[in-house]
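Visitor: please find the sequence and the predicted model below.
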Amino acid sequence: MGGFVDQQAVVEYRYRAVCEVLGGSPIGEVAVRYGTTRQSLDTWRTRFTAEGKTGLADRSRRPRTSPMKLDAEVEALICELRREHPRWGARRICHELAGRDLAVAPSRATVHRVLTRNGMIDPQAQAPWCSAGSRSRRDTPPCGTRGCLPPGRAFLVLTQRRCR
C-alpha cells in the first residue's frame, strides 16, 4: 500500500499534536516528538482554531486558478488549422497564428502540446535525434576549418544526423 494513510488517522494524529501545543507544551518539543516541523504544527494549530477538527484534514494542492491557461477558442483554432492542413506542424501553425489578430500568440511548444493532447500528433512517430554515431573521431579537422592540431590529438566532429 506504499504511502497510503487513513485520512481519519491523520486528522487524529494532528489533533493530538495540536492539543499538546494548546495545553502549554513548547511547539518545538511537540514537533520533534511527532516527527514534523514547527511550521507545519503552527499551520495545524491555526487551522484548528479557525475551523475545528475538520481543518486538520489534508487539503488539495491543486491551484485555484490558471491565469496562463490557453483560451478554448485559440485551442479550437489550432485544431481547426491542423484539420484543414494535416501536413502543418506546430511551427507552421504558430507562424499562422502570429499573423492573426490574437491578444497573445501561443508559442510553438504550446501549439505542440495542444496538438498532442488532442491526438493530432503522435510524439512517438517522430524520429529522435540520434546520439549513437553522432560523434566521429578524425586525426585532421574537416575541410574548411582553420587551425592545426598537435600530433596525436584527435578531432571530434559533431553531426546532426537523424536515426533512420
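Guide: Alright, I've got the coordinates.
Visitor: how about the longest helix along the chain: buried residues?
Guide: Counting residues, the longest helix in the chain under DSSP state H turns out to be helix 7-22. Of the residues in helix 7-22, 11, 13-14, 17-18, 20-21 count as buried by neighbour count, 16 or more other C-beta atoms under 10 Å. Every C-beta, even on glycine, is put in place using the N, C-alpha and C of the backbone.
Visitor: just put these in TSV and tack on distance to L97 and pLDDT.
Guide: Formatted as TSV, the buried residues of helix 7-22 follow (distance: C-beta to C-beta, whole Å; pLDDT from 0 to 100):
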residue	distance to L97	pLDDT
V11	49	94
Y13	52	94
R14	49	95
A17	53	96
V18	53	96
E20	59	95
V21	56	95
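Visitor: now do the contacts for C79.
Guide: 114-115, 118, 120 (C-beta atoms under 8 Å, 6 or more residues apart in numbering).
Visitor: roughly how far does it sit from S25?
Guide: As for C79, its distance to S25 is 59 Å (criterion: C-beta to C-beta, to the nearest Å).
Visitor: just the contacts of C79 now: which is nearest G35?
Guide: V114 (44.2 Å; C-beta to C-beta).
Visitor: hmm, that closest one is touching I78, no?
Guide: Yes: using C-beta atoms under 8 Å, V114 makes contact with I78 at a distance of 4.9 Å.
Visitor: anything in contact with each of these two?
Guide: P106.
Visitor: so the two - more neighbours on which side?
Guide: Remark: of V114 and I78, I78 carries more neighbours, 25 against 22, as counted by other C-beta atoms under 10 Å.
Visitor: buried residues, the helix or strand hosting that one. List them.
Guide: For I78, the host element (DSSP states H and E) is helix 72-84. In terms of neighbour count (16+ other C-beta under 10 Å), helix 72-84 has its buried residues at 74-75, 77-79, 81-82.
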